[in-house]
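# predicted coordinates and the sequence they were generated for:
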Amino acid sequence: MNHNYIESSKKQFVYYRQLGEKTIEQLSEEQLFWQYNEESNSVAIIIKHLWGNMLSRWTDFLTTDGEKETRKRDEEFENSALSKGELLKKWNEGWDCLFTALETLKAEDLEKIIYIRNQGHTVLEAINRQLAHYPYHIGQIIFIGKMLKGNRWKSLSIPKGKSEEFNTDKFSKERRHEHFTDEPLNKAKD
């Protein structure tokens, strides 16, 4: 069961990473830095925040506090001038750090206690914490992308007005035991 949890959590992280990437692909460099107002985050800021969080939480995951002294969290929320390529490099570095840490886990590690800002979590709780945190921010990225693209937005799920067609297709097939994340994004959706 615990091994299944680790594999399932990896699939969930991959799924949300893909949603973020499919959104970022649709945005121009200028759009990545758009902010609704001074108090809101741009896609670029959210990418930097996810990167900083991932490096801090997942580097030496089992042996050091998840809030590293080297992290400069406040700087993550500055709309600094980076290219789309530099942002994608940070995006990939953060996700690579996460997946490297998850690959090292064994089922028995899930009950170990680790710390985030000196507060104890089981490894399972720490993974769940990030499985809530990262999709929260991916949802923000998607929402900003949809606002910026308007009617040029390429749906990442079932496009408006296509639910019946989508369901008809799904229910016409033999029932399969696979995780919903096993199906590529946009397959038969657009």
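Thanks, I have the structure now. Numbers count the residues shown, from 1 in each chain.
# okay, CA-based contacts and neighbour counts for the rest of this
Will do.
# please enumerate the helices of the protein.
2-26, 29-32, 43-58, 73-76, 84-104, 123-149, 163-171 (DSSP state H).
# comparing those, which comes out most buried?
Burial of the helices of the chain is given as mean neighbour count (mean count of other C-alpha atoms under 10 Å); helix 43-58 ranks first at a mean of 24.
# which outside residues touch that helix?
32-34, 65-68, 71-73, 76-79, 87, 90-91, 93-95, 97-98, 101, 116, 134, 137, 140-141, 144 (C-alpha atoms under 8 Å, 6 or more residues apart in numbering).
# stretch 114-127 now?
By C-alpha under 8 Å, 6+ apart, stretch 114-127 touches 9, 57, 61-67, 109-113.
# which of these are buried, as a PyMOL select command?
Listed next is the PyMOL selection for buried residues among the contacts of stretch 114-127, using 16 or more other C-alpha atoms under 10 Å:
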select buried, resi 9+57+61+62+64+65+66+67+110+113
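# mind listing which of the contacts of stretch 114-127 are in strands?
Judged by DSSP state E, strands contain the following of the contacts of stretch 114-127: residue 113.
# residue 158: which of the contacts of stretch 114-127 is nearest?
residue 9 (23.3 Å; C-alpha to C-alpha).
# and that closest one, how far from residue 86?
The gap separating residue 9 from residue 86 is 27 Å, by C-alpha to C-alpha, to the nearest Å.
# so what's the residue of the chain most remote from its centre scoring on pLDDT?
In terms of distance from the mean C-alpha position of the chain, residue 172 ranks first, at 31.4 Å (C-alpha atoms, centre = their mean). Residue 172 carries a pLDDT score of 87 in this model.
# that one and residue 166, how far apart?
10 Å.
# same check, this time on residue 13
24 Å.
# likewise residue 42?
According to C-alpha to C-alpha, residue 42 and residue 166 sit 32 Å apart.
# repeat that for residue 24.
The value you get for residue 24 to residue 166, if C-alpha to C-alpha is used, is 25 Å.
# now residue 149
Applying C-alpha to C-alpha to residue 149 and residue 166 gives a distance of 23 Å.
# same question for residue 19.
According to C-alpha to C-alpha, residue 19 and residue 166 sit 19 Å apart.
# who touches stretch 81-100?
10, 17, 29, 32, 44, 47-48, 50-55, 58-59.
# domain parsing for this structure?
Domain assignment for the chain, taken from automatic domain parsing, gives 2-154, 155-190.
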